[in-house]
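>>> predicted model, plus sequence, below.
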Amino acid sequence: MYELKTKETENSVIEFIEAVDSVKKREDAYKLLDIFTEVTGYKAKMWGASIIGFGSYHYKYASGHEGDAPLVGFSPRKAKISLYFATGDDQRGHLLEKFGKHTSGKACVYINKVADIDVDVLKELIDQSVYFLQRTYPE
């Protein structure tokens, strides 16, 4: 049976951030930590080795595949900072139009630095993602 690689761990979020090589990425990680914590009201938790997640939800697909995932999160990676929001939410595209400099994939939005984006739009993206996932996957 398929085993999820990204699970909530007891690893320290602060130790993870402190281990980030780039001083600028570390500073941005602390800014994002404050923003995500403020908007979600959830305590940051490590998910796998490199994702800082906030809250969680349990999903189950029609295929029978199910698991747990953070409602939102981020990861200060070497190349870019990955931001994790809900997939399938129509509102995300509208918000990203006014977000600032970024690229995006199915689940991730990638930024170089916090200074490149509109923090108020980031807060809207976080809030919308949490709302969408809690509505889509009620407890």
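Done, it's in. Residues are numbered from 1 along each chain as shown.
>>> contacts, neighbours, all on C-alpha from now
Fine.
>>> which parts of this structure are helices?
13-18, 23-40, 90-96, 119-136 (DSSP state H).
>>> can you redo those as a markdown table with mean neighbour count, mean pLDDT and distance to residue 60?
Formatted as a markdown table, the helices of the chain follow (neighbours: other Cα atoms under 10 Å; pLDDT from 0 to 100; distance: least, Cα to Cα, whole Å):
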| stretch | mean neighbour count | mean pLDDT | distance to residue 60 |
| --- | --- | --- | --- |
| helix 13-18 | 16 | 98 | 27 |
| helix 23-40 | 17 | 98 | 23 |
| helix 90-96 | 14 | 90 | 20 |
| helix 119-136 | 18 | 96 | 11 |
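>>> so which of those gets nearest residue 109?
Residue 109 lies closest, by Cα to Cα, to one member of these: helix 90-96, at 8.9 Å.
>>> only alpha carbons, please: show that closest one as PDB.
Output in PDB follows, covering the C-alpha atoms of helix 90-96 (Å, rounded to 0.1, in the frame of the first residue of the first chain):
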ATOM      1  CA  ASP A  90     -11.200  28.700  -8.300                       C
ATOM      2  CA  GLN A  91     -10.400  31.700  -6.100                       C
ATOM      3  CA  ARG A  92      -6.600  31.000  -6.100                       C
ATOM      4  CA  GLY A  93      -6.200  32.100  -9.700                       C
ATOM      5  CA  HIS A  94      -7.900  35.500  -9.200                       C
ATOM      6  CA  LEU A  95      -5.800  36.200  -6.100                       C
ATOM      7  CA  LEU A  96      -2.600  35.200  -7.900                       C
END
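>>> from the contact counts, what lies against that helix?
Other elements packing on helix 90-96 under the criterion 3 or more Cα pairs under 8 Å, 6 or more residues apart in numbering; DSSP states H and E are helix 119-136.
>>> helices or strands next to the helix it packs on in the packing?
Using 3+ Cα pairs under 8 Å, 6+ apart: helix 119-136 touches helix 23-40, strand 72-76, helix 90-96.
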